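S.K.: no sequence on hand, only this structure:
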């Protein structure tokens, strides 16, 4: 299976870079190894087109009477844009690290490649079991690496809360699988019953809501733009890829209406916040939430291909807006072409975004089309806010490799509008696309040329922020409960550790061992 070659390249390169760092700390070829490995993985993704779809069972768990399902990968023309977006993002992050040489290093490159490999497994998940394992691995790796660079308690606490919320979303995915299994359904995405599909969508929604939690800024902005970009976008893309697998029309019409309204509300508030954000890093969480709302709405309308289009556009455009930090006039004009991916015009990546088969869903266009326009406007105006870093002190090769990384991400996204997957060469819904494009371009241009508009619209936005704050009360309350549980478990573990480490530690260990053996013997009877 060709996708395994891509995953193996990423994993092997990540391990090789890590070994170089440990064995030869001063070895100067770590970046070169990471750059070549990422390039080969990106090229190998295009080779998937030779044979799609492909299915592969990774391993057969024994005994089959207990383990009915085994981890399986499925590569087809629905998840291909997600796969290409992830490998393109990894390549762009490593190549553009030439402008962040003082704030990044082998450990960040190795972690980026490892996260990309796990993200690919999640995107290619052929059943619910594989998806759960991959998402859990992504979350754990992200938590470990983020806590490693956190240098204050506030940052660590925030990361634990975000991780806990994602685990809550993962729990909803597990519950959806349990409901489907109880209904006698096979645990694959095609035969998922309505009850299971609803819990799967809610699980994705909760995981995306975790991005809205404001986390303290790390003192290393280079890591936020490099490895931080990989963490946010890979996790978002891996979660949203599930929406493309949910069968169309599996959600009851009444529930679909309410979920569409909620998605539109989240998208509008996030879109306005994204537009007025001071920079791309501060506004990235709103961009993820807004694009996630569009992908969510497309899945609710029974348009899995459109959901994949919005989700992969999130990775492409989110990566460009986060990684573009060296302001160059010519490069800015080139990167404006990436806005075409957000227009839903014919032959664009998101041309299939407004298709759908759910009756009455057109009524929400009046709310969802402005969301798309705000995403486009924020991207266009955000290009003018780039320029915090410089290449003047970097070697000559960095002047070429930095823009090349951005162009790779741009060209990969534009190419999906013409070939490679089920949403290529689509005409789409031209009226909705035209309205969103004209509105988004006009607003983005005005905010670009008149930066003071952000201060003018701030009072008007406060009401929307208050509404978002009130609607997030449950989220904050849940976070408080999770944090209290975390502190309680920490206290209990500390008491247990002190007890076992004391003079009576050996005695307590023997007591626990005897109790465990007694319980085990009772269970065997």
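M.R.: Good, I have the coordinates. Treat the numbers as computed from the prediction; the structure is a model and nothing was measured.

S.K.: list phi and psi for residue 76.
M.R.: Backbone torsions of residue 76, given as degrees, to the nearest 10, read phi -140, psi -170.

S.K.: quick one: contacts for it?
M.R.: 52-54 (CB atoms under 8 Å, 6 or more residues apart in numbering). In short, each C-beta sits where N, CA and C put it, glycine included.

S.K.: residue ranges of the strands in the chain, please?
M.R.: Along the chain, the stretches classed as strands by DSSP state E are 54-57, 72-75.

S.K.: flag the shaky bits of the stretch 301-450 of the chain, pLDDT-wise.
M.R.: Applying pLDDT under 70 to the stretch 301-450 of the chain flags residues 357-363, 384-398, 448-450.

S.K.: coming back round to it: so which of the strands of the chain is the most packed in?
M.R.: Neighbour counts (mean count of other CB atoms under 10 Å) averaged over each of these peak at strand 72-75, with a mean of 22.

S.K.: now that one: how far from the chain's centre is it?
M.R.: 19 Å (CA atoms, centre = their mean, to the nearest Å).

S.K.: one more: stretch 333-343?
M.R.: Per CA atoms, centre = their mean, the centroid offset for stretch 333-343 relative to its chain is 21 Å.

S.K.: next: stretch 35-51.
M.R.: 21 Å.

S.K.: could you dump the strands of the chain to JSON lines with distance to residue 253 and mean pLDDT?
M.R.: Output for the strands of the chain, formatted as JSON lines (distance: least, CB to CB, whole Å; pLDDT from 0 to 100):
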{"stretch": "strand 54-57", "distance to residue 253": "33", "mean pLDDT": "82"}
{"stretch": "strand 72-75", "distance to residue 253": "29", "mean pLDDT": "88"}
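
S.K.: quick one: closest of the ones you listed to residue 444.
M.R.: Nearest of those to residue 444, taken as CB to CB: strand 72-75 at 35.6 Å.

S.K.: what lies in contact with the closest one?
M.R.: Defining contact as CB under 8 Å, 6+ apart, one finds that strand 72-75 is touched by 1-4, 48, 52-58, 83, 121, 124-127, 130.

S.K.: swap the cut-off to 10 Å and go again
M.R.: Applying CB atoms under 10 Å, 6 or more residues apart in numbering, the external contacts of strand 72-75 come out as 1-4, 6-7, 45, 48, 51-59, 79, 83, 120-121, 123-127, 129-130, 134, 188-189, 245.

S.K.: same thing with stretch 50-60?
M.R.: For stretch 50-60, with CB under 10 Å, 6+ apart as the criterion, the contacting residues are 1-4, 48, 67, 69-80, 121, 124, 126-127, 130, 133, 420-421.

S.K.: that older thread, nearest to residue 431, of the contacts of residue 76?
M.R.: residue 52 (32.4 Å).

S.K.: torsion angles phi and psi at the closest one?
M.R.: As for residue 52, its main-chain torsions (degrees, to the nearest 10) stand at phi -130, psi 140.

S.K.: roughly how far apart are it and residue 188?
M.R.: Residue 52 is 18 Å from residue 188, where distance means CB to CB, to the nearest Å.

S.K.: ok, now residue 169?
M.R.: 20 Å.

S.K.: what does residue 153 give?
M.R.: Residue 153 is 43 Å from residue 188, where distance means CB to CB.

S.K.: those two - which one has more neighbours?
M.R.: Ranked by neighbour count (other CB atoms under 10 Å), residue 153 and residue 188 place residue 188 first, with 17 against 9.

S.K.: the more buried one is in contact with residue 70, isn't it?
M.R.: No. If you go by CB atoms under 10 Å, residue 188 and residue 70 don't touch, sitting 12.0 Å apart.

S.K.: list residues touching both of these two?
M.R.: With CB under 10 Å, 6+ apart as the test, residue 188 and residue 70 both reach 126-127, 129.

S.K.: who's in contact with the residue nearest the centre of the chain?
M.R.: By CA atoms, centre = their mean, the mean C-alpha position of the chain lies nearest to residue 236, the distance being 1.6 Å. Residue 236 makes contacts with 119, 204, 207-208, 210-211, 284-285, 287-289, 291-292, 295, 311, 314-315, 318, as judged by CB under 10 Å, 6+ apart.

S.K.: same deal with residue 251?
M.R.: 194-195, 197-198, 200-201, 257, 259-260, 299-300, 302, 358.

S.K.: hmm, which of those residues are the buried ones?
M.R.: Among the contacts of residue 251, those classed as buried by 16 or more other CB atoms under 10 Å are 195, 197-198, 200-201, 257, 259-260, 299-300, 302, 358.

S.K.: in helices only, show me those residues.
M.R.: Of the positions in the buried ones among the contacts of residue 251, 195, 197-198, 200-201, 257, 259-260, 299-300 sit in helices, assigned by DSSP state H.

S.K.: not counting sequence-adjacent ones, nearest residue to residue 288?
M.R.: Nearest residue to residue 288 in three dimensions, chain neighbours excluded: residue 211, at 4.7 Å (CB to CB, 6 or more residues apart in numbering).

S.K.: wait, the one you found touches residue 285, no?
M.R.: Yes. Under the criterion of CB under 10 Å, residue 211 makes contact with residue 285 at 4.8 Å.

S.K.: identify the contacts common to these two.
M.R.: Shared contacts of residue 211 and residue 285, defined by CB under 10 Å, 6+ apart, are found at 232, 236, 270.

S.K.: let me know the pLDDT of the second one.
M.R.: Per-residue confidence at residue 236 stands at 93 (pLDDT).

S.K.: please report how far it lies from residue 139.
M.R.: Counting by CB to CB, the gap from residue 236 to residue 139 is 12 Å.

S.K.: name the residues contacting each of those two.
M.R.: 207, 210.

S.K.: still on that earlier bit, ok, the buried ones among the contacts of residue 251 vs residue 38, which is closest?
M.R.: The closest of the buried ones among the contacts of residue 251, once distances to residue 38 are taken by CB to CB, is residue 299, at 30.1 Å.

S.K.: quick check: the closest one vs residue 258, distance?
M.R.: 15 Å.

S.K.: same question for residue 73.
M.R.: Residue 73 sits 34 Å away from residue 258, going by CB to CB.

S.K.: mind listing what the residue nearest to residue 288 touches?
M.R.: 162, 165-166, 232, 235-236, 239, 270, 284-289, 292.
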